[in-house]
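Colleague: Below is the sequence, then the predicted model.
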Amino acid sequence: MFLDFGFKQKCFYTQYFLRNQNCFVPTSEIIAVEETELNKKQRNIGKWQKMAKPHAFTVYYVKKARNHRWRCSDVTFWCVDEHLCNQWIQALKELLEMQSKPKQLLVYINPYGGKRQGKSIYEQKVAPLFSLASISTDVVITEHANHAKDNLFEVNINKYDGVVCVGGDGMFSEVMHGLIGRMQKDSGIDQNNPKAPLVQCNIRIGIIPAGSTDCICYSTVGISDPVTSALHIIVGDCQPLDVSSVHHNNTFLKYSVSLLGYGFYGDILKDSEKKRWMGPMRYDYSGLKTFLSHHYYEGTISFQPAKHTVGSPQDKDSCRTGCYICKKSEQQLSQQYKECGLKHEEDEEEWKVIKGKFLAINAVNMSCACPRSPKGLSPAAHLADGSADLILVRKCSRFDFLRYLVRHTNQDDQFDFSFVDVYRVKSFQFTSKLSEDNESNVTDIGKKRFGQFCRDHPACCCNIASSTWNCDGETLDSSAIQVRVHCQFVKLFARGIEENSKDEAAYSQSSIEQLL
Ligand SMILES: CCCCCCCCCCCCC/C=C/[C@@H](O)[C@H](CO)NC(=O)CCCCCCCCCCCCCCC
Ligand SMILES: Nc1ncnc2c1ncn2[C@@H]1O[C@H](COP(=O)(O)OP(=O)(O)OP(=O)(O)O)[C@@H](O)[C@H]1O
Ligand SMILES: [Ca+2]
């Protein structure tokens, strides 16, 4: 057996050879190092039998499995020299100290999210790993909606290296609103002002997936798996995320990181809220119902294209760990901000205006990949490029809409349809035809009392006047909204989706060969 430290491509690694197997572990992916007490049975194995008093230590580290799944593995090193053994333990512990791994976390568990397994997932799969990594936790099991959000306005936040939410996208949203809101309150910033220079939130958020969609976790880690997410928290990963602020006139409504959806996804959400008892299945039930109802909505959408980024929604490459496009876009935006300030950027850049009848309007800050749709609503969207992809699905036949939906589940291009347009934007506004009509003709009592009846389907008499916005799984009260993307506004304990593990294996093998 052989243990060595090295330095390669900007990362420390620990390398060991065991039973003719080479293993290569970046020190940033070591979970814990512990002195190991050898029992009598172990001492009597093989060559250690001859040792008077063997000493040992165990290294716990991240082992990468298929499909971006991480597991905790361990290896025990034995030697006769107690001093040498202690030196190794000391050196490894010092290396771990140097990294930005969290020591103290605040954990919120939603016991009712997803399949209602949040508490047991945390206790059985996550808490033992946190304790192995010597992370102390304060755990709050939420008793009602907004418990976590309200609590974040009261706690001594500086005491923690991060906040963890155990639940789904809705639970993440609560924690994010609590943290961002708290930051603005402490800095005296008025969130109702759509142009206010918001204060960034530097405390990292960890997501242990236990929800129904878990889209944010899946799109930032590559899998929805509690153990994998716990390990990303333990090693102290950091992934910035774009956040959209949503206003109605001068009133702040919500922040969004994944989907802002009007029409199809708004209607699914509204219907599914009444069926929460069904668990994650409620989305399939309401999805089928909404698909069959085939409602479309008239309105006007105006947007400012995201000129600062070099990427396009039709790119073949997706956002991956250490993404070049995200880095470049962030540099470009901060350069622009230094030169001209926000005012210039907002006021002087062009707005495009599109009027139409839409089955769905989806604005996504990230791909929105999830187990239902592994490549997501916009496969080439970036996690941290300061832009959102605005997808407009115009009125089309049911059959065409089905073809469009099916492409979310296979490798075909979901934007390659004449009725689908996609734009990369940094801000947008929407008003529904009904609210425009109401504003211009407030005396039309018939319209106000009964809404606007479906002119194209007189037989069904369905009221299709307006839909609602689905904002990361929550319904917004206004259909007229103004949205602005804030580049890299919050940080997650994640690293984005890593390139194929096949490439990593090739890299580690060749680097070991060079060392020999
Ligand atoms: C034929 C199969 C087509 C399947 C198409 C699947 C597309 C799935 C795309 C999922 C996108 C998720 C975006 C993330 C949104 C989250 O911020 C939010 C909070 O968690 N989740 C939802 O709003 C929950 C959204 C849940 C959406 C479920 C959609 C199910 C559609 C079913 C349509 C059935 C048509 C069948 C016709 C025979
Ligand atoms: N103790 C509680 N009782 C009722 N609701 C709660 C409680 N704790 C949190 N919530 C609310 O439940 C909502 C949904 O929770 P969560 O996101 O965890 O699960 P989900 O909706 O099943 O999953 P997803 O958001 O991934 O679709 C959150 O918006 C949150 O505000
Ligand atoms: Ca983005």
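Modeller: Happy to help now that I have it. Numbers count the residues shown, from 1 in each chain. Ligands and ions are numbered 1, 2, ... in the order given.

Colleague: hey, let's count contacts and neighbours off CA atoms from now on
Modeller: Will do.

Colleague: Test my guess that residue 30 contacts residue 63.
Modeller: No. Using CA atoms under 8 Å as the test, residue 30 is too far from residue 63 to be in contact (9.6 Å).

Colleague: Between these two, point out the one with more neighbours.
Modeller: Neighbours per residue, other CA atoms under 10 Å: of residue 30 and residue 63, the larger number sits with residue 30, 26 against 16.

Colleague: show me what contacts the nearest residue to that one once chain neighbours are set aside?
Modeller: Using CA to CA, 6 or more residues apart in numbering and skipping the chain neighbours, the partner closest in space to residue 30 is residue 61 (4.2 Å). Residue 61 makes contact with 25, 29, 30, 31, 32, 72, 73, 74 under the criterion CA atoms under 8 Å, 6 or more residues apart in numbering.

Colleague: Residue 322 too?
Modeller: 495, 496.

Colleague: repeat for the one 3 residues further on
Modeller: Residue 325 is in contact with 309, 310, 311, 319, 382, 385, counting by CA under 8 Å, 6+ apart.

Colleague: Mind checking which of those are buried?
Modeller: Neighbour-count burial (16 or more other CA atoms under 10 Å) applied to the contacts of residue 325 gives 309, 311, 319, 382, 385.

Colleague: With respect to ligand 2, which of those residues is nearest?
Modeller: residue 382 (20.0 Å; CA to the nearest ligand atom).

Colleague: hang on, isn't the closest one packed against residue 364?
Modeller: No. Counting by CA under 8 Å, residue 382 stays clear of residue 364, with 9.4 Å between them.

Colleague: picking up where we left off before, among the contacts of residue 61, which are in strands?
Modeller: 25, 30, 31, 32, 72, 73, 74 (DSSP state E).

Colleague: need the contact list for the second one.
Modeller: Yep, that's residue 30 we're talking about. Applying CA under 8 Å, 6+ apart to residue 30 gives the contacts 59, 60, 61, 62, 96, 235.

Colleague: same thing but 7 Å
Modeller: Residue 30 sits next to 60, 61, 62 when contact means CA atoms under 7 Å, 6 or more residues apart in numbering.

Colleague: ok, now the fifth one?
Modeller: Counting by CA under 7 Å, 6+ apart, residue 72 makes contact with 60, 61, 62, 63.

Colleague: Would you mind measuring from the nearest residue to it once chain neighbours are set aside to ligand 2?
Modeller: Leaving aside its sequence neighbours, residue 72 sits nearest to residue 62 (CA to CA, 6+ apart; 5.0 Å). Distance, residue 62 to ligand 2, by CA to the nearest ligand atom, to the nearest Å: 26 Å.

Colleague: buried set for the helix or strand hosting residue 62?
Modeller: Assigned by DSSP states H and E, residue 62 belongs to strand 55-64. Taking 16+ other CA under 10 Å as the neighbour-count basis, strand 55-64 is seen to contain the buried residues 55, 56, 57, 58, 59, 60, 61, 62, 63, 64.

Colleague: overlap between the contacts of residue 325 and the residues near ligand 3?
Modeller: Among the contacts of residue 325, proximity to ligand 3 is found for 382, 385 (CA under 5 Å from the ion).

Colleague: Which single one of the contacts of residue 325 is nearest to ligand 1?
Modeller: residue 382 (14.8 Å).

Colleague: Which residue is the nearest non-sequential neighbour of residue 294?
Modeller: Closest to residue 294 by CA to CA, 6+ apart is residue 398, at 6.8 Å.

Colleague: Got the confidence number for the one you found?
Modeller: Looking at residue 398, its pLDDT is 98.

Colleague: I'd like the distance between it and residue 325.
Modeller: Using CA to CA, to the nearest Å, one gets 36 Å for the distance from residue 398 to residue 325.

Colleague: distance of the residue most central in space within the chain from ligand 1?
Modeller: In the chain, the C-alpha closest to the average C-alpha coordinate belongs to residue 216, at a distance of 2.9 Å (CA atoms, centre = their mean). Applying CA to the nearest ligand atom, the value for residue 216 to ligand 1 is 8 Å.

Colleague: That residue should be in a strand, yeah?
Modeller: No. Going by DSSP: H, G, I helix; E, B strand; the rest coil, the assignment for residue 216 is helix, not a strand.

Colleague: isn't it right up against residue 170?
Modeller: No. Look at residue 216 against residue 170 with CA atoms under 7 Å: they stay out of range, at 10.0 Å.

Colleague: Would you mind listing what in the stretch 101-250 of the chain touches ligand 2?
Modeller: 110-114, 142-146, 167-171, 174, 211-214 (CA under 6 Å from any ligand atom).
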